[in-house]
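Undergrad: sequence-free structure coming up:
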């Protein structure tokens, strides 16, 4: 093989390895488990908190993705920014607090406006747009994930980015 071709293939291999490494932990989530295992492989994305209208309560939204072959369960969420964080399910307009949510194997758990959501209660201070709230997500089987949740405008729409 010519030296130029070998160098090009090495560059492609390094780029591929770096791309795969970027799929793990990031500022907006993390991962647990190993590629190809039957364990849950969790990551978090699309997290945000609309700027709260109330000084002591806020909502939070995010998506937990499980690329692994085993389901897991989100059992609690904590943050130094709030006295308590509860998890809620909304069915037919009725909101109900739940103690856990299943994260299906090869699936997602979505928290969105009008659906499943987090409620931040007893806020230590009212977060402003541009702030970041740090959360710790705890699971039944996997290790905890730390998530950086940005505070967006009160009217933020994730589908438009505004």
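TA: Nice, I can see it. Just so it is clear, the model here is predicted, and its values are computed rather than measured.

Undergrad: secondary structure element for the spatially most central residue of the chain?
TA: The centre of the chain sits closest to residue 44, judged by C-alpha atoms, centre = their mean, with a distance of 2.8 Å. When elements are assigned from DSSP states H and E, residue 44 belongs to strand 42-50.

Undergrad: For the chain, which helix or strand comes out least confident on mean pLDDT?
TA: Between all helices and strands in the chain, the lowest mean by mean pLDDT, DSSP states H and E belongs to helix 3-21, at a mean of 36.

Undergrad: if we can go back for a sec, same for the strand holding residue 44, what does it pack against?
TA: Other elements packing on strand 42-50 under the criterion 3 or more C-beta pairs under 8 Å, 6 or more residues apart in numbering; DSSP states H and E are strand 57-66, strand 132-139, strand 145-152. The way it works is simple: take the backbone N, C-alpha and C, and place the C-beta from them, glycine included.

Undergrad: Go through those and name the closest to residue 119.
TA: Taking C-beta to C-beta as the criterion, residue 119 comes closest to strand 57-66 out of the helices and strands packed on strand 42-50, the separation being 6.2 Å.

Undergrad: Can you point out the buried residues in the closest one?
TA: Within strand 57-66, the residues that qualify as buried are 58, 59, 60, 61, 62, 63, 64, 65, 66, counting by 16 or more other C-beta atoms under 10 Å.

Undergrad: got the angle between the helix or strand following it and strand 132-139?
TA: Using DSSP H and E, the helix or strand that follows strand 57-66 towards the C-terminus is strand 72-78. Between strand 72-78 and strand 132-139, the angle formed by their directions is 140 degrees, by axes from the mean of the first three to the mean of the last three C-alpha atoms, to 10 degrees.

Undergrad: so residue 100 sits right up against residue 140, yeah?
TA: Yes - under the criterion of C-beta atoms under 8 Å, residue 100 is in contact with residue 140, at a separation of 7.3 Å.

Undergrad: what is in contact with those two at once?
TA: Jointly contacting residue 100 and residue 140 under the rule C-beta atoms under 8 Å, 6 or more residues apart in numbering are 73, 75.
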